[in-house]
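# Sharing a model prediction with you, sequence too.
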Protein chains: 2
Amino acid sequence: MAQNMMLYWSSGSPPCWRLMIALEEKKLQGYKHKHLCFDKKEHQCEEVKALNPRVQLPTFKHGDLVVNESFAACLYLESAFKSQGARLIPEDPAEQALVYQRMFETDNLQQKMYDVAYYEWFVPEGERHESALKRNKETLVAELKLWDGYLEKMGKGSFLAGKDFTMADVVCFPVIAYFPRFHCPKEKCPRLMEYYEMVKDRPSIKASWPPHWLENPEGPDTLKNL
Amino acid sequence: MAQNMMLYWSSGSPPCWRLMIALEEKKLQGYKHKHLCFDKKEHQCEEVKALNPRVQLPTFKHGDLVVNESFAACLYLESAFKSQGARLIPEDPAEQALVYQRMFETDNLQQKMYDVAYYEWFVPEGERHESALKRNKETLVAELKLWDGYLEKMGKGSFLAGKDFTMADVVCFPVIAYFPRFHCPKEKCPRLMEYYEMVKDRPSIKASWPPHWLENPEGPDTLKNL
């Protein structure tokens, strides 16, 4: 089944990584893939352009179906391979509620992390303001506190939506992993860092760990002064 | 069942509106609700703060379950009331693929619309740049062209993910409705405007139409020069 899949991805991109975790969890190893370097603009190749009008990664194809949005692809895989590998969305709608809620809250954490860590990437030189970056940092610290509070409330050893690893963890872990990677002070989110330590060696996550993070385990200290 | 639900919402907010359309489609009329004026900061009330740490709207509760993210709430309602009202996500995973893809692409259109229409709302006075607003406009025009192309390819009378009204329409219509509302020139997205005309009188959409749009049918010309 997986031989019928093609993934274009870049190392460390949270949207790519979450899809790769989902593929591992659903036991879809063996999919075809192409690693493209974002910095070298390799993602702007004709193959990607033909499948993805936004020319973004991930670009994902299963047979004739193209599903490029990472949340869409994760939900699609869970539905198409419901009884294969890990069950990532529980059967009971009442349990689904929290899984969905945390899944879509992830966009907040991801965007706020980008707004700090990639401020210079996204904002052209002449348009940058210290006041904006300062505000972005405050917003990110508040967001981290929120997630830390969720974990604190759920208790030690909990995943993001309860006692089981779910789609909430699949989509959010790649964002959370940026905080230790970028030297965010542990005291900004101690529970989140415990969660990171607990989850980082899960087989699906280890198997999809960004190759350039393996090559350079010591990341930049972008978030050192958060 | 719906009497067990409580929605805090504001008029015209796309995230609130999509949840209200989903409630209508799933025949969940009769839910309790409270209309809060965003401009008057009524959403910062204690009731919302108690349920939603981001103090945003929608804030939504069903029994003891709190699901505030609009995409999460829509998916939850579809799952919890699968056989009630309209079926918004098809059974077949192959058909789901496009529904999910368009659903999550909506974030692109929404954010790019906000980045133009609400530029002054989001960016403090001292940090505004003509160059940024110009770039945001170009990005929005390209995004509109993309959606217009999707509809062009699907053919006249098509919904966003095919011949049926689906969750893709539920989540995206409230964003699309901003373009005619804000006087966006029709030639920027002719197929999208045909789609708007086709869908705007659907009962679920009419029933949830923003009250302040009804009171003032002539919206501001914010997107006149897009």
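The structure has been received and is ready for your questions.

# now do the same end-to-end measure for stretch A:122-140.
The first and last residues of stretch A:122-140 sit 16 Å apart, counting by Cα to Cα, to the nearest Å.

# Show residues contacting that stretch.
Contact with stretch A:122-140 is made by A:112-116, A:119-120, A:226, B:124, B:126-127, B:129, B:131-132, as judged by Cβ atoms under 8 Å, 6 or more residues apart in numbering or on different chains. Where C-beta positions appear, they are placed from N, C-alpha and C, glycine not excepted.

# and stretch A:208-226, which residues are buried?
A:208-210, A:219, A:222-223, A:226 (16 or more other Cβ atoms under 10 Å in any protein chain shown).

# make that stretch A:3-13, sorry
Those would be A:5-13, for stretch A:3-13 by 16+ other Cβ under 10 Å.

# show me what contacts residue A:59?
Contacts of residue A:59 (Cβ under 8 Å, 6+ apart): A:7-8, A:47-48, A:51-52, A:66, A:68.

# mind redoing it with 7 Å?
By Cβ atoms under 7 Å, 6 or more residues apart in numbering or on different chains, the residues touching residue A:59 are A:8, A:48, A:51-52, A:68.

# Of those, just the buried ones, PyMOL syntax please.
Typed into PyMOL, the line below selects the buried ones among the contacts of residue A:59, using 16+ other Cβ under 10 Å:
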select buried, chain A and resi 8+48+52+68
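
# out of the contacts of residue A:59, which one sits closest to residue A:108?
Using Cβ to Cβ, residue A:68 comes nearest to residue A:108 of those, at 21.4 Å.

# still on that earlier bit, which of the buried residues of stretch A:208-226 fall in helices?
Judged by DSSP state H, helices contain none of the buried residues of stretch A:208-226.

# okay, and the helix or strand of chain A with the least pLDDT?
helix A:119-122 (a mean of 94; mean pLDDT, DSSP states H and E).

# and that helix, how far out from the chain's middle?
19 Å (Cα atoms, centre = their mean, to the nearest Å).

# Which helix or strand lies directly C-terminal to it?
Next along the chain after helix A:119-122, taking DSSP states H and E as the criterion, comes helix A:130-154.

# Report the buried residues of that following helix.
The neighbour-count check on helix A:130-154 (16+ other Cβ under 10 Å) flags A:132, A:136-137, A:140-141, A:143-144, A:147-148, A:150-151, A:154 as buried.

# Now it: average pLDDT?
If you average the pLDDT over helix A:130-154, you get 97.

# Now do the helix or strand following it and helix A:130-154, the angle between them.
Using DSSP H and E, the helix or strand that follows helix A:130-154 in sequence is helix A:167-176. In terms of direction (axes from the mean of the first three to the mean of the last three Cα atoms, to 10 degrees), helix A:167-176 departs from helix A:130-154 by 140 degrees.

# Touching the next helix or strand after helix A:167-176 from outside, list them.
Scanning forward in sequence from helix A:167-176 by DSSP H and E, the next helix or strand is helix A:178-181. For helix A:178-181, the surrounding residues in contact (Cβ under 7 Å, 6+ apart) are A:113, A:117, A:189, A:192-193, A:196, A:213, A:219, A:223.

# Using PDB, write out every CA atom in helix A:178-181.
C-alpha atoms of helix A:178-181 as PDB (Å, rounded to 0.1, in the frame of the first residue of the first chain):
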ATOM      1  CA  TYR A 178      11.800  23.200  18.500                       C
ATOM      2  CA  PHE A 179      12.000  24.500  22.000                       C
ATOM      3  CA  PRO A 180      14.800  22.300  23.300                       C
ATOM      4  CA  ARG A 181      16.400  22.400  19.900                       C
END
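
# how about the strands of chain A, start to end?
Here chain A has its strands, by DSSP state E, at A:5-9, A:32-35, A:59-62, A:65-66.

# And chain A, split by domain according to the record?
A:2-80, A:93-215 (automatic domain parsing).

# Can you tell me which of those domains is most buried?
Most buried of those, by mean neighbour count (mean count of other Cβ atoms under 10 Å in any protein chain shown): domain A:2-80, with a mean of 19.

# what about it, how long is it end to end?
For domain A:2-80, the end-to-end distance is 12 Å (Cα to Cα).

# For that domain, the averaged confidence score.
On average, domain A:2-80 scores 97.

# near chain B, which residues of chain A show up?
Residues of chain A lying close to chain B (Cβ under 7 Å from any Cβ of the partner chain) are A:53, A:65, A:67-69, A:71-72, A:75-76, A:79-80, A:93-94, A:96-97, A:100-101, A:103-105, A:127, A:129, A:131-132, A:146.

# In helices only, show me those.
Per DSSP H, the residues of chain A next to chain B map to helices at A:71-72, A:75-76, A:79-80, A:93-94, A:96-97, A:100-101, A:103-105, A:131-132, A:146.

# quick one on the thing from earlier: turn the strands of chain A into JSON lines, columns for distance to residue A:42.
Shown next, in JSON lines, are the strands of chain A (distance: least, Cβ to Cβ, whole Å):
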{"stretch": "strand A:5-9", "distance to residue A:42": "9"}
{"stretch": "strand A:32-35", "distance to residue A:42": "9"}
{"stretch": "strand A:59-62", "distance to residue A:42": "12"}
{"stretch": "strand A:65-66", "distance to residue A:42": "19"}
